[in-house]
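A.B. asks: Return atomic coordinates for the entry below.
(one chain, ligands or ions: 1)
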Amino acid sequence: MSLSGARGIAAVSRNPGCELQAAMVAEQVIEPDFYRAVTGRVYEREFGMRESQRKRGVTFEANLYANEAGLLRQAVRDIAGVDPADMRVRNLADEVTGARPFVVRSLRYKRTRRILADLAAGRPVPELVVQPQLVLPTGDDLRDYTHIGPDFMVLDALLAMYVPGEIKSFIVRGGVADAGDLDPTRRQAGVEILALRAVAGSLGLEGRITDEAVFVFATPYGLRPYPAIREDLKAEVYEMRKAVRLVAGVRERVAGLRATVETPLAMLVDELQTDYQEGCIGTCVLADECRRRSVGTARILGDVAADVFGADADLGRVLELLAGAPPEDQRERDVLPSLLSAMAILNLSADDLRRLVA
Ligand code: SF4
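C.D. replies: You can find the predicted model right below:
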């Protein structure tokens, strides 16, 4: 799986202090291959979504798309403002298939763009488009873009504009999804809104686009959907715009590093800033490597400790100060009271800290 599309931009937004990850997204690296190029080792752990979760997601989506997207039509009926039986559907996943993902995405993009052009021209369009494909510019060069594939887009009858949609198989109880599940979904949808704005904006539809997306979640009863939920994602769209700018900036920086010799990104990792934090675990293929490089600093104790001690604080020196060593300069005199209260906040003794650092 390559670090591209909405997943890549969303990852950058979660850790904007990490230039390395932004560079990985700019170059759309294949994560296990990149890990091997950086470390010389094969990546052997399960990465990303667990297999059982992935299967559940695939089954849920297939249920919703079956029979001319019958269940999905039901779920989005209120947004489309059309009886599901009368809803026109285009399923681009059925229309365009093939073994070459880039070609398939490009052809689906052409069709999506044509549908949006029809909308702009007032010609008839489907109320529901399954697996549309958009492109999001990520730099000034025409080659700097990434494909973005919402699960669907539904035509809002009042706005006369499509709203991107995501299908997620995690279970919602009492209308509320787990915050940990929702965050990546909302970020992903934020990227989709930006991509829709980029494509539709170029066709004169800019004024009709809102910062909203639609989510279809699973009920606890089998793999059936709840009615679609529509959410305002202004904050996420703002964050994703910043992440896109970061990717563009890092691409330029990497180009500068290559000005004299064309060097693979894997050989430039030491030139790029990283910001190891708890959230890296399970989301970035280099988490173990960055953790290893952070040994001896407060980062490896977690985000709270990194906040109170300072992420790059030398834990060896922290231990000495806590053991009663006299401060050697004004900075250490300033930081000592904070260290003592931080230990109290974290409920850590000097021995606990020593064990964690070991
Ligand atoms: S693991 Fe390293 S490269 Fe990946 S996001 Fe964290 S700091 Fe950046």
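
A.B. asks: okay, CA-based contacts and neighbour counts for the rest of this
C.D. replies: Fine.

A.B. asks: burial count for residue 106?
C.D. replies: 16 (other CA atoms under 10 Å).

A.B. asks: Mind telling me what element it is part of?
C.D. replies: Residue 106 is part of helix 101-121, with elements assigned from DSSP states H and E.

A.B. asks: Check which helices and strands that helix is in contact with.
C.D. replies: With contacts taken as 3 or more CA pairs under 8 Å, 6 or more residues apart in numbering; DSSP states H and E, helix 101-121 sits against helix 92-95, strand 134-137, helix 179-201.

A.B. asks: pLDDT averaged over that helix - what is it?
C.D. replies: Over the span of helix 101-121, the pLDDT mean works out to 97.

A.B. asks: State the next helix or strand along the chain beyond that helix.
C.D. replies: Next along from helix 101-121, by DSSP H and E: strand 128-130.

A.B. asks: Within the sheet, what are the partner strands of that following strand, with directions?
C.D. replies: Each strand that strand 128-130 pairs with, and the sense of that pairing, follows from DSSP bridges: strand 89-91 (parallel), strand 152-156 (antiparallel).

A.B. asks: quick one: strands adjacent to the longest strand anywhere in the chain?
C.D. replies: Taking DSSP state E as the assignment, the strand of the chain that covers the most residues is strand 161-171. For strand 161-171, the pairing partners within the sheet under DSSP bridges are strand 152-156 (antiparallel), strand 212-218 (parallel).

A.B. asks: what's the angle from the first one to helix 101-121?
C.D. replies: By that I understand strand 152-156. Taking axes from the mean of the first three to the mean of the last three CA atoms, to 10 degrees, one finds strand 152-156 and helix 101-121 inclined to each other by 0 degrees.

A.B. asks: Determine the angle, from 0 to 180 degrees, between strand 152-156 and helix 179-201.
C.D. replies: Taking the same axes, to 10 degrees, strand 152-156 and helix 179-201 form an angle of 70 degrees between their directions.

A.B. asks: circling back: can you say which of the strands paired with strand 128-130 is nearest to the ligand?
C.D. replies: Nearest of the strands paired with strand 128-130 to the ligand, taken as CA to the nearest ligand atom: strand 152-156 at 28.8 Å.

A.B. asks: ok, back up a step: turn the strands paired with strand 161-171 into CSV, columns for mean neighbour count.
C.D. replies: Converted to CSV, these look like this (neighbours: other CA atoms under 10 Å):
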stretch, mean neighbour count
strand 152-156, 23
strand 212-218, 23
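
A.B. asks: And the pLDDT at the nearest residue to residue 72 once chain neighbours are set aside?
C.D. replies: Here the nearest residue to residue 72 in space, its sequence neighbours aside, is residue 64; by CA to CA, 6 or more residues apart in numbering that works out to 5.0 Å. In this model, residue 64 is scored at 96, pLDDT.

A.B. asks: ok, residue 64 touching residue 71?
C.D. replies: Yes: contact status for residue 64 versus residue 71: in contact at 4.9 Å, counting by CA atoms under 8 Å.

A.B. asks: what sits against residue 173?
C.D. replies: Contacts for residue 173 (CA atoms under 8 Å, 6 or more residues apart in numbering) come out as 219, 220.

A.B. asks: is it in a bridge, and if so with what?
C.D. replies: Partner residues in beta bridges with residue 173, using DSSP bridges, are residue 176.

A.B. asks: list residues touching both of residue 64 and residue 71?
C.D. replies: Residues touching both residue 64 and residue 71 (CA under 8 Å, 6+ apart) are 224, 225.

A.B. asks: ok, and for the helix holding residue 106, which residues are buried?
C.D. replies: Along helix 101-121, these residues count as buried under the neighbour rule (16 or more other CA atoms under 10 Å): 104-109, 111-113, 115-117, 119-120.

A.B. asks: And those, which is closest to the ligand?
C.D. replies: Within these, proximity to the ligand (CA to the nearest ligand atom) peaks at residue 105, which comes in at 26.8 Å.

A.B. asks: What sits closest to the closest one if chain neighbours are left out?
C.D. replies: residue 133 (6.4 Å).

A.B. asks: Does the residue lying closest to residue 84 once chain neighbours are set aside belong to a helix, a strand or coil?
C.D. replies: Here the nearest residue to residue 84 in space, its sequence neighbours aside, is residue 73; by CA to CA, 6+ apart that works out to 5.2 Å. The three-state label given to residue 73 by DSSP: H, G, I helix; E, B strand; the rest coil is helix.

A.B. asks: so residue 73 makes contact with residue 87?
C.D. replies: Yes: in this structure residue 73 lies within contact range of residue 87 using CA under 8 Å: 7.2 Å.
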